[in-house]
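**Student:** got a predicted structure here, sequence first:
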Amino acid sequence: MAGQTNHELSLFSAEELEFIAEDETVDIVPNLKMGPLNFISGDFGPFTPQIVTQVPLWLAIALKKRGKCSIRPPQWMSVEKLTQVFEAERESQEMSDQLPFHYVEISRLLFDHARDNIPDVHMVRPLIEDIRNLRFHKVQTDLEAFNGRTIAVKIKNLSAMEVNIVRPFIGRALQAFYKHDSPELIPDPERVSDRRPQDVNNAPRRQLRR
Amino acid sequence: MASSSGNEGDSMEDYEALISTTDVELLKRAWRNEKAAPEVLRFEFQLISRLREQIELMEETIQDKSTAATDPLSLSLYQMDLDRTLFLLRSYLRIRIQKIEKYMFHIRKTNELWNRLSKDEKEFTNACIEDLKQHLEESVLSKLPENYQSVLKQSVTSGEDDMVPEPQLDTFVLCRSKEYLTGIQLEDGPVDDRQFPYSCMNLFCSV
């Protein structure tokens, strides 16, 4: 199969992406008193009621689930900021750099576990969905610009989830182009019925249909 | 190769630099690199042995805490942290084993790759090779004519070991630049996420 590599090794599952995102820091407001936690991954706390503390997202969610804290949504998750980002995305073909790398995973985790801590959640959620759709649409248009001469593809400010979705496609598509598009001139297959010597077609070779 | 770090502002970068010195963060980086690279990378000897010690220590601590009847909340949080670290470690080791299983003959033959394995992995590779050879010889090769019985070559007349699969070093990889780079190859303007053939990565690369 064209461009077949061991792609299954290099893919992150959605859960693994979430795992990576869970190390991002968030603010919480604890409602309990607890001593410092000396984890392998770092030291956090001590926790005092009503005093804002920074912890990794996985810890925040664990505490929230047990009713021991409330999570402060990050600054970029406000209606105003998101509307701003949405407008910016609509106006330009480039991707906005206002959103953190893991915005999809972080917002999903917060929606699932800390809805009550997000002001205007019924507006925030659709905004984020719209932004996601807009961005992904741009990625799709960028990808359509591939041809056999593409050696490298650049896209600015992609987020983690978007990268992961296109990763297998980009790899295999480029690989297929690399493999099939040789520098030799390839005659256009549709002119085969012509008896005269063919004009050679310099355009990138089309993918053969099965 | 998917390298990553924040590029959202200076304070984030300092913070990232700070936490990137924890062993768990280094393990996460090694895990990502191993996942993205088509060939097996150098085993992180020191990192893994440090982590193993920390994990054992943590397991003992949790053991002690649970018998001393400490607050179950903090106990479960310690356990969660331990589980997360263990997951990273296991996944890292598993990916390497998967690659070894795929390319065992090639790794055994190539000194550079062979030296990237840990001692346990080397034993594993040798055992795997022996098993596979034995299996192939008993089931197929002994029944083929004389000149075609080698595990490594198609026939005695082959110039090289053409039955040995090698990782494709020209696959495309995604990389994420840590800083603003001025356009290198073809595209003009600032580049951020890019794709290169993997063999070029050895020039630029960081880990």
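**Tutor:** Done, it's in.

**Student:** quick check: residue B:123 vs chain A, distance?
**Tutor:** 22 Å (CB to the nearest CB, to the nearest Å). Glycine gets a C-beta too; all of them are placed from N, C-alpha and C.

**Student:** is that residue in a helix, a strand, or coil?
**Tutor:** In the three-state summary, residue B:123 is assigned as helix, counting by DSSP: H, G, I helix; E, B strand; the rest coil.

**Student:** what does the pLDDT read for it?
**Tutor:** The predicted local distance difference test score for residue B:123 is 94.

**Student:** give me the below-cutoff pLDDT ranges for chain A.
**Tutor:** Residue ranges of chain A with pLDDT under 70: A:1-10, A:147-151, A:182-210.

**Student:** for it, what spans make up the strands?
**Tutor:** Taking DSSP state E as the criterion, chain A contains strands spanning A:25-30, A:37-39, A:42-44, A:53-56, A:69-72, A:154-155, A:186-187, A:200-201.

**Student:** can I get the ones you listed in a markdown table with distance to residue B:39 and mean neighbour count?
**Tutor:** Converted to a markdown table, the strands of chain A look like this (distance: least, CB to CB, whole Å; neighbours: other CB atoms under 10 Å in any protein chain shown):
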| stretch | distance to residue B:39 | mean neighbour count |
| --- | --- | --- |
| strand A:25-30 | 34 | 19 |
| strand A:37-39 | 33 | 18 |
| strand A:42-44 | 32 | 16 |
| strand A:53-56 | 32 | 18 |
| strand A:69-72 | 42 | 20 |
| strand A:154-155 | 25 | 20 |
| strand A:186-187 | 32 | 14 |
| strand A:200-201 | 37 | 13 |
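
**Student:** need the ones you listed in CSV (columns: distance to chain B).
**Tutor:** Rendered in CSV, the data for the strands of chain A read as follows (distance: least, CB to the nearest CB, whole Å):
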stretch, distance to chain B
strand A:25-30, 8
strand A:37-39, 4
strand A:42-44, 6
strand A:53-56, 9
strand A:69-72, 11
strand A:154-155, 5
strand A:186-187, 21
strand A:200-201, 23
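
**Student:** and those as a markdown table, adding distance to residue B:68?
**Tutor:** Formatted as a markdown table, the strands of chain A follow (distance: least, CB to CB, whole Å):
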| stretch | distance to residue B:68 |
| --- | --- |
| strand A:25-30 | 23 |
| strand A:37-39 | 16 |
| strand A:42-44 | 21 |
| strand A:53-56 | 25 |
| strand A:69-72 | 25 |
| strand A:154-155 | 53 |
| strand A:186-187 | 75 |
| strand A:200-201 | 79 |
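
**Student:** following element in sequence after the helix or strand encompassing residue B:106, please.
**Tutor:** Per DSSP states H and E, residue B:106 falls inside helix B:72-109. Toward the C-terminus, helix B:72-109 is succeeded by helix B:111-114 as the next helix or strand (DSSP H and E).

**Student:** what about that next one, average pLDDT?
**Tutor:** Summarised as a single mean, pLDDT over helix B:111-114 is 89.

**Student:** cool, stretch B:97-107 as well?
**Tutor:** Confidence over stretch B:97-107 (mean pLDDT, whole number) is 89.

**Student:** which parts of chain B belong to which domain?
**Tutor:** Recorded structural domains for chain B (assignment: automatic domain parsing) are B:19-167, B:170-207.

**Student:** looking at the ones you listed, which has the lowest confidence?
**Tutor:** Per-segment mean pLDDT for those reaches its minimum on domain B:170-207, at a mean of 48.

**Student:** I'd guessed residue A:64 sits against residue A:112; true?
**Tutor:** No: the pair formed by residue A:64 and residue A:112 falls short of the contact definition of CB atoms under 8 Å, at 10.4 Å.

**Student:** distance of residue A:131 from residue A:115?
**Tutor:** Residue A:131 sits 19 Å away from residue A:115, going by CB to CB, to the nearest Å.

**Student:** what about the strands in chain B?
**Tutor:** When assigned using DSSP E, the strands of chain B occupy the ranges B:172-181, B:191-197.

**Student:** what's the local residue count around the nearest residue to residue B:82 once chain neighbours are set aside?
**Tutor:** When the adjacent residues along the chain are set aside, residue B:82 lies closest to residue B:58, with 5.2 Å between them (CB to CB, 6 or more residues apart in numbering or on different chains). For residue B:58, the neighbour count with other CB atoms under 10 Å in any protein chain shown is 19.

**Student:** for residue B:144, what are phi and psi?
**Tutor:** Dihedral pair for residue B:144: phi -90, psi 160, per degrees, to the nearest 10.

**Student:** tell me how many other residues crowd residue B:61.
**Tutor:** Under the neighbour criterion other CB under 10 Å, residue B:61 is assigned a count of 14.

**Student:** how about residue A:71: which residues does it bridge to?
**Tutor:** Counting by DSSP bridges, residue A:71 forms beta bridges with residue A:28.

**Student:** list the residues that contact residue A:99.
**Tutor:** When contacts are counted by CB atoms under 8 Å, 6 or more residues apart in numbering or on different chains, residue A:99 touches A:76, A:85, A:131, A:159.

**Student:** residues contacting the last one?
**Tutor:** Under the criterion of CB under 8 Å, 6+ apart, the contact list for residue A:159 reads A:99, A:100, A:101, A:102, A:103, A:104, A:135.

**Student:** most neighbours out of the contacts of residue A:99, which is it?
**Tutor:** Of the contacts of residue A:99, residue A:131 is surrounded by the most neighbours, 24 neighbours in total, counting by other CB under 10 Å.

**Student:** where's it relative to chain B, distance?
**Tutor:** Relative to chain B, residue A:131 is positioned 17 Å away (criterion: CB to the nearest CB).

**Student:** wait, doesn't that residue sit right on residue A:86?
**Tutor:** Yes: in terms of CB under 8 Å, residue A:131 counts as a neighbour of residue A:86; the distance is 5.4 Å.

**Student:** how many other residues sit next to residue 153?
**Tutor:** No chain in the question, so chain A it is. Neighbour count for residue A:153, taken as other CB under 10 Å: 21.

**Student:** ah, no, chain B please
**Tutor:** By the other CB under 10 Å criterion, the neighbourhood of residue B:153 contains 17 residues.
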